[in-house]
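In: generate coordinates for the sequence data below:
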Amino acid sequence: MDRTVGIKDVARRAGVSVGTVSNVLNRPEKVSEPTRVRVRAVIDELGFVRSETARQLRVGTSRILAVLVLDMANPFFVAVAKGAERAAREAGLGVMLCNSAGSASEEAEYLSLFAEQRVRGVLLTPADATGRNVRDFARQNIPFVHVDRAVPTAEGCSVSVDDVTGGALAVRHLLAAGHRSVTYVSGPMDLPQCRDRRTGALAALREAGLPEAALGHLETARLDVASGIDAGARLLGLAARPTAVFCANDLLALGVLQAMYGAGVNVPGDVSIVGYDDIEFAAAAVVPLTSVRQPAERMGRTAAEMLLDETEPDRGPHTHRSVVLRPELVVRGSTRYLGR
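Out: Now for the predicted structure:
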């Protein structure tokens, strides 16, 4: 096996000291242009790649931000990661993207890995409903920001969307369209997002003078299309089928739409459907989906910027903040006014 090219090999071939090569890599302004050009040419010739581990040991900080999301199959989290990556790259940092798949045990393993690697910081959408994983990780003194989850500033920084308002927007729209039989299809109710969206839906019913019992509820094991298809089949089997369905995310809504479409139920003629997130596929569905839009990329960027503020020593003292973004309703073809 060929020996890995080291910084000493570059220095020897370029006829300079190891310190000069280090300056070219880390503080190029301290090296004259001719020397920089010569050293860079040797680096290219030898195929030298500097060791991030060695650099981290020397300077004490990592150039990697970790992003741990609930479900990388959900385009919402892809957009969150995209926003975070852009902010990190602008700051000269890289991103390690990981997926807990909603599993508390996998989340714990990834957080342990981040601690071992001493990453610069972590953007985290927690999977563990008990909060134990986050509390354990906090002892590592690695900064982290909650994403898509509001927490008290005493627990750290967070970026979220006002999901109570989002749930209210969805159901107000359906009530204004004349619907009085609405079912909420949620993922696991131990997720705060699912609970908050239902809270908003119930608030909209109360505003309209309707009892909370007017909102039906189907809980699914996961927030994915397959679970939405299953929920759609359960709705189709009801003796009194609702005229409108509000889903906790767009993947569930697309699954419900697929089930209805496959059974010959007209959307929105027989049933209106509202999703949540406004992922790219929402507008491209066979019936374009009405959805509550979350500013996902902005959420990821904001979270990364907050983390950078906490981890850059030259930015001064850091104060934890909780940023809550506003959702908006995007009306498309999957909902209609009754009687039209």
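
In: need the strands for the stretch 101-250 of the chain, in chain order.
Out: 121-124, 144-147, 157-161, 182-186, 215-219, 244-247 (DSSP state E, counting those that start in this stretch).

In: alpha carbons of the first one, as PDB, please.
Out: Spelled out, that is strand 121-124. Backbone C-alpha positions of strand 121-124 (Å, rounded to 0.1, in the frame of the first residue of the first chain) are rendered in PDB as follows:
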ATOM      1  CA  GLY A 121     -22.200  22.000  17.000                       C
ATOM      2  CA  VAL A 122     -25.400  20.100  16.200                       C
ATOM      3  CA  LEU A 123     -28.800  21.000  14.700                       C
ATOM      4  CA  LEU A 124     -31.200  18.600  16.100                       C
END
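
In: low-confidence stretches in this protein?
Out: Along the chain, the parts satisfying pLDDT under 70 run over 1-3, 50-61, 313-315, 339-340.

In: can you tell me what sits against stretch 309-320?
Out: 61, 120, 121, 143, 145, 153, 154, 155, 156, 157, 308 (CB atoms under 8 Å, 6 or more residues apart in numbering). Placement of C-beta: from N, CA and C, glycine included.

In: would you confirm that the second one contacts residue 91?
Out: No - with contacts defined as CB atoms under 8 Å, residue 120 does not count as touching residue 91, sitting 9.6 Å away.

In: neighbour-wise, which of those two wins?
Out: Using other CB atoms under 10 Å, the more surrounded residue of residue 120 and residue 91 is residue 120, with 25 against 16.

In: list phi and psi for that one.
Out: phi -60, psi -40 (degrees, to the nearest 10).

In: what sits closest to it if chain neighbours are left out?
Out: Excluding its sequence neighbours, the residue lying closest to residue 120 (CB to CB, 6 or more residues apart in numbering) is residue 62, at 4.5 Å.

In: ok, and that neighbour, which helix or strand is that part of?
Out: Element membership of residue 62 [criterion: DSSP states H and E] is none; it lies in no helix or strand.

In: got the domain ranges for the chain?
Out: Following automatic domain parsing, one gets these domains for the chain: 7-50, 62-161+296-326, 163-294.

In: follow-up on the earlier one: and the contacts of stretch 309-320, which two are the farthest apart?
Out: 61 and 154 (25.4 Å; CB to CB).

In: okay, those two: which has more neighbours?
Out: Shown here are residue 61 and residue 154; by other CB under 10 Å, residue 61 has more neighbours (14 against 6).

In: out of the domains of the chain, which is closest to residue 337?
Out: Of all the domains of the chain, domain 163-294 comes closest under CB to CB, at 4.5 Å.

In: and the closest one, how far apart are its ends?
Out: Taking CA to CA, to the nearest Å, the first and last residues of domain 163-294 lie 9 Å apart.

In: got it, and stretch 87-99?
Out: Taking CA to CA, stretch 87-99 runs 20 Å from one end to the other.

In: for that stretch, buried residues please.
Out: 87, 88, 91, 93, 95, 96, 97, 98, 99 (16 or more other CB atoms under 10 Å).

In: ok, residues contacting it?
Out: Outside stretch 87-99, the residues that reach it (CB under 8 Å, 6+ apart) are 63-72, 81, 84-85, 106, 110, 113-114, 117, 119-120, 300-301, 304-305, 308.

In: make a PyMOL selection of the buried ones in those residues.
Out: A single PyMOL command selects the buried members of these (16+ other CB under 10 Å):
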select buried, resi 64+65+66+67+68+69+70+71+81+84+85+106+110+114+117+119+120+300+301+304+305+308
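
In: so which of the contacts of stretch 87-99 sit within helices?
Out: In helices, judged by DSSP state H, the following of the contacts of stretch 87-99 are found: 81, 84-85, 106, 110, 113-114, 117, 300-301, 304-305, 308.

In: of these, which is the nearest to residue 335?
Out: residue 300 (28.5 Å).

In: pretty sure the closest one sits against residue 123.
Out: Yes - counting by CB under 8 Å, residue 300 does reach residue 123; the two are 7.2 Å apart.

In: shared neighbours of those two, anything?
Out: 67, 84, 147.

In: residue contacts, the second one?
Out: Put plainly, it is residue 84. By CB under 8 Å, 6+ apart, residue 84 lies in contact with 65, 67, 95, 123, 147, 300, 301, 303, 304.

In: just put these in a markdown table and tack on distance to residue 129.
Out: A markdown table is the format used below for the contacts of residue 84 (distance: CB to CB, whole Å):
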| residue | distance to residue 129 |
| --- | --- |
| 65 | 25 |
| 67 | 20 |
| 95 | 26 |
| 123 | 19 |
| 147 | 16 |
| 300 | 23 |
| 301 | 27 |
| 303 | 21 |
| 304 | 25 |
